[in-house]
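structural data only, the sequence is not supplied:
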């Protein structure tokens, strides 16, 4: 098949292209004009056709979809420098432009795969990621925070509406937070997500009108010595942080199944890996592994959730392969300059 991958030079796109090529597909990668400097990341794939275009421009999008049999829509505005209107234009209207072009120019489209996000579950009226039970696909929030969460949700709604109204064979894949191994370790060689420095930088300038929250902030910053170590983060109620992540290689594996399995059509799926980090278990173990101490502290923002993967496992046959040990070992191999099965990439136009 001829397959269009939007955001093809991104962290997911670049790592999806390789298995697609290995499966015998022809690939066209749509690159955002501001990301043209990252096109060299696809130099490893000389057979990939690259086109530059803006999702906000219907003419660019129409040209990109010409002659394709399937579309992976991975590109989205994420983080700076976008404002709310730009988020809406790129993530929502950009998706609409792509759907309209697919409907007009791809009458025999095999699949439209939309990269959605775990953010669709996060409730606007509550602070943090705290769920007592594994998150199922039917637990999407009623209201969504602007700009990224809401506009990605709008894109998903458009995608599934075009399936139901026009018969476009679509699937929505809700990514958990993605780890690309080359980004996993900080300059000190510690896992960023568990490093004290990450929390310190996030909270050092934050103040709260809530005395309890302010006490947590004061306790955290008072323990910073200037020397990085690990942090056993806890929710305000004392429960250790727990979060469900996914290695980019397992993300690519799940996306392949969305193309190959007809059971994906018309459905939304959670996509995460074997990468559930329980801070109470992981931090002491990794502190010993890396030879550093750790601090135990409560933080004002709760984080405690896992995703229910039963749907993608039973319907699509998804079998994740990478856990925390695998990510760390790959990250260290990349730092040593050793070849791995990951194409390291940076972020601007985020993949999902």
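Noted; the coordinates are in hand. Quantities reported herein were computed from a predicted structural model and do not represent experimental measurements. Numbers count the residues shown, from 1 in each chain.

strands of the stretch 101-250 of the chain, residue ranges please.
111-117, 129-130, 170-175, 177-179, 230-234, 242-247 (DSSP state E, counting those that start in this stretch).

tell me the angle of the last one relative to strand 170-175?
In other words, strand 242-247. For strand 242-247 against strand 170-175, the angle by axes from the mean of the first three to the mean of the last three CA atoms, to 10 degrees is 120 degrees.

what's the mean pLDDT across strand 242-247?
Average pLDDT, strand 242-247: 97.

what do you get for the first one?
Averaging the model's pLDDT scores along strand 111-117 yields 98.

against which helices or strands is it packed?
In terms of contacts (3 or more CB pairs under 8 Å, 6 or more residues apart in numbering; DSSP states H and E), strand 111-117 is packed against strand 70-73, helix 94-105, helix 148-166, strand 170-175, helix 248-260. Backbone N, C-alpha and C define where each C-beta goes, glycine included.

could you dump those to TSV with mean neighbour count?
Output for those, formatted as TSV (neighbours: other CB atoms under 10 Å):
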stretch	mean neighbour count
strand 70-73	27
helix 94-105	21
helix 148-166	19
strand 170-175	26
helix 248-260	23
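
as CSV, the ones you listed with distance to residue 311 would be great.
Formatted as CSV, the helices and strands packed on strand 111-117 follow (distance: least, CB to CB, whole Å):
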stretch, distance to residue 311
strand 70-73, 20
helix 94-105, 23
helix 148-166, 15
strand 170-175, 10
helix 248-260, 11
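
closest to residue 52 out of the ones you listed?
Comparison of these against residue 52 by CB to CB identifies helix 94-105 as nearest, at 14.5 Å.

which other residues reach that closest one?
6, 55-58, 61-62, 64-66, 71, 73, 75-76, 109, 112, 114, 154-155, 158-159, 162, 166, 168 (CB atoms under 8 Å, 6 or more residues apart in numbering).

what do you get for stretch 26-41?
For stretch 26-41, contacts defined as CB under 8 Å, 6+ apart pick out 1-10, 13-14, 17, 20-21, 42, 45, 47-55, 64, 68, 75, 343, 345-346, 348-349.

export the strands of the stretch 101-250 of the chain to a markdown table and tack on distance to residue 320?
Output for the strands of the stretch 101-250 of the chain, formatted as a markdown table (distance: least, CB to CB, whole Å):
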| stretch | distance to residue 320 |
| --- | --- |
| strand 111-117 | 17 |
| strand 129-130 | 20 |
| strand 170-175 | 13 |
| strand 177-179 | 12 |
| strand 230-234 | 24 |
| strand 242-247 | 7 |
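
residue 264 is nearest to which of these?
With CB to CB as the criterion, residue 264 lies closest to strand 170-175 of the strands of the stretch 101-250 of the chain, at 4.0 Å.

and that closest one with helix 148-166, angle?
160 degrees.

just checking, what packs against strand 170-175?
By 3+ CB pairs under 8 Å, 6+ apart, strand 170-175 packs against strand 111-117, helix 148-166, helix 248-260, strand 267-271.
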